[in-house]
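S.K.: Fold the following, please.
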Amino acid sequence: MKPLGPRLIELAGVHKSYNVGLANEAEVLHGVSFAIGRGEFVALIGPSGSGKSTLLNVVGLLERLTAGSYRIQGEETSGLDDAGLTLRRRAVLGFVFQFHHLLPAFSALENVTLPALMREGRVSAEQQQRARAMLAAVGLANDMNKRPGELSGGMQQRVAIARALVLEPPLVLADEPTGNLDRAASDEVFALMRRMHVERATSFLIVTHDPRLAARCDRVIELVDGRIESDQRAIAAPR
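M.R.: Numbers count the residues shown, from 1 in each chain. I've put the predicted structure just below:
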């Protein structure tokens, strides 16, 4: 399916195998092709074992593809070395996981400043202020000095979203971001991601097993047995 805006990422004929050259070699992705444009809000669905997490890891530059092409903002990534992949990942991508992976000894504010610390080796006053503003934007202005253990599950996930967005990446990859939450907290976190998408024109690719949430995305890509079964845009998807 053609993306709505300028192509942010583009996969063409992507294959991913494990244990290449060994007797137990297994191919998980079989020629996957799709593109995501700027400002799209996309769900990735499929049964367990269909390759969703593997595909997200390839898109996130956490695993290398075995064959095919993967371009980010027009740049082919398959030829980049590890340092080049790290630079592209930090510049373009944000990550939200089912388990928020917050550092328990750090405050919410300190957790949100981690991307800046990792990218630049220090946290400037401007970045500190940006982190404070992001926590306020996700409704945690009064909780930024609390540690994760002092926050509810939904609040912890909001910290994780703030951390993913603080450096304003063009694309956020979310792997079951509401899978560890009850229904009320799940709806709250999804609504927050939607709001951030609208306000900041950030693209989202969300892996979810929840058909309610997938139905509220603008586009749904279904992966079955390592192949794209369908790629459909919601009838009322905003243009």
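S.K.: show me the residues around Ile206 that make contact.
M.R.: Shown in contact with Ile206 (Cβ atoms under 8 Å, 6 or more residues apart in numbering): 41-44, 174, 177, 193, 213, 217. For glycine as for every other residue, the C-beta is placed from the backbone atoms N, C-alpha and C.
S.K.: How about Phe97?
M.R.: Counting by Cβ under 8 Å, 6+ apart, Phe97 has contacts 160, 174-177.
S.K.: Ile228 - that's part of a strand, no?
M.R.: Yes - with DSSP: H, G, I helix; E, B strand; the rest coil as the criterion, Ile228 is assigned to a strand.
S.K.: one step back: what is the nearest of the contacts of Phe97 to His209?
M.R.: Nearest to His209, judged by Cβ to Cβ, of the contacts of Phe97 is Glu176 at 6.8 Å.
S.K.: and the nearest residue to His101 once chain neighbours are set aside, what does it touch?
M.R.: Residue nearest to His101 in three dimensions, not counting chain neighbours: Ala160, with 7.2 Å by Cβ to Cβ, 6 or more residues apart in numbering. Shown in contact with Ala160 (Cβ under 8 Å, 6+ apart): 96-97, 100-102, 177.
S.K.: residues contacting the residue nearest the centre of the chain?
M.R.: The chain has Leu173 as the residue nearest its centroid, 0.8 Å off, counting by Cα atoms, centre = their mean. Residues near Leu173 by Cβ under 8 Å, 6+ apart: 56, 59-60, 93-96, 205.
S.K.: Out of these, who's the most crowded?
M.R.: When these are compared by neighbour count (other Cβ atoms under 10 Å), Leu205 ends up highest, at 26 neighbours.
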